[in-house]
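# based on what follows, work out the 3D shape:
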Amino acid sequence: MRTQRRTSHIMRELNLVPLIDVLLVVLFFYMIISPMMSRGLDVNLPKSEATTIKSEDRIVITVTRGQEVFVEKERVDIAKLGGVLGAIRKGKPQINVYLRADRSAPYGAVVQVMDVVKRAGIDRLGMVTEAVAPGGESGK
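Below is the predicted model:
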């Protein structure tokens, strides 16, 4: 009687195809999701031909169409805005504040925010607008 010898084939190679597939799927989801995570507030800004914000020590206050007020990306009640700005000003006395107001925001709400900023002792207040392309629309 002959004894049959079983030869087992041990796989000595690592199959990288499933690993690469998983990595490509993760990369794809990261590329799709990451811009959504760093997205700011949507505000319909008025147009202007002048240059706007330069990189410097600054705070951006946003007034939305619904009269909501945000300091950077954090929602703040208008009654507490003066205290928040006062606390920021203590840490940085020469701070520049930029006001981004939606084109459809009520004028009174924008003026109220400007008044709170001035009462907080901040003299450097700028308005943020959207740049107009040369020969583009004006007066809209």
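# so what's the gap between the helix or strand bottoming out on mean pLDDT in the chain and the chain middle?
Here the helix or strand of the chain ranked lowest by mean pLDDT, DSSP states H and E is strand 47-48, holding a mean of 72. Chain-centre distance of strand 47-48: 20 Å, with CA atoms, centre = their mean, to the nearest Å.
# longest helix of the chain?
Determined from DSSP state H, the single longest helix within the chain is helix 17-37.
# so which elements touch that one?
For helix 17-37, there is no helix or strand it packs on, judged by 3 or more CB pairs under 8 Å, 6 or more residues apart in numbering; DSSP states H and E. Just so you know, the C-beta spots here come from the backbone N, C-alpha and C atoms, and that holds for glycine as well.
# any idea how far it is from the middle of the chain?
Centroid displacement of helix 17-37 relative to its chain, using CA atoms, centre = their mean, is 22 Å.
# ok, stretch 78-86 next?
Put simply, stretch 78-86 sits 21 Å off its chain's centre (CA atoms, centre = their mean).
# tell me which residues in that stretch are buried?
Neighbour-count burial for stretch 78-86 flags 81-82, 84-85 (criterion: 16 or more other CB atoms under 10 Å).
# what's the farthest-apart pair in the residues you listed?
Spatially, the most separated pair among those is Gly82 and Val84, at 7.3 Å (CB to CB).
# one step back: name the nearest of the buried residues of stretch 78-86 relative to Glu68.
For the buried residues of stretch 78-86, the nearest to Glu68 is Leu81 (11.5 Å; CB to CB).
# now the closest residue in space to Ile122 that isn't next to it in sequence, what are its backbone angles?
Leaving aside its chain neighbours, Ile122 sits nearest to Val97 (5.2 Å; criterion: CB to CB, 6 or more residues apart in numbering). Dihedral pair for Val97: phi -110, psi 130, per degrees, to the nearest 10.
# isn't Val97 right next to Thr62, touching?
No: between Val97 and Thr62 there is no contact under CB atoms under 8 Å: 11.4 Å.
# okay, now Val116: neighbour count?
Per other CB atoms under 10 Å, the neighbour tally for Val116 reads 20.
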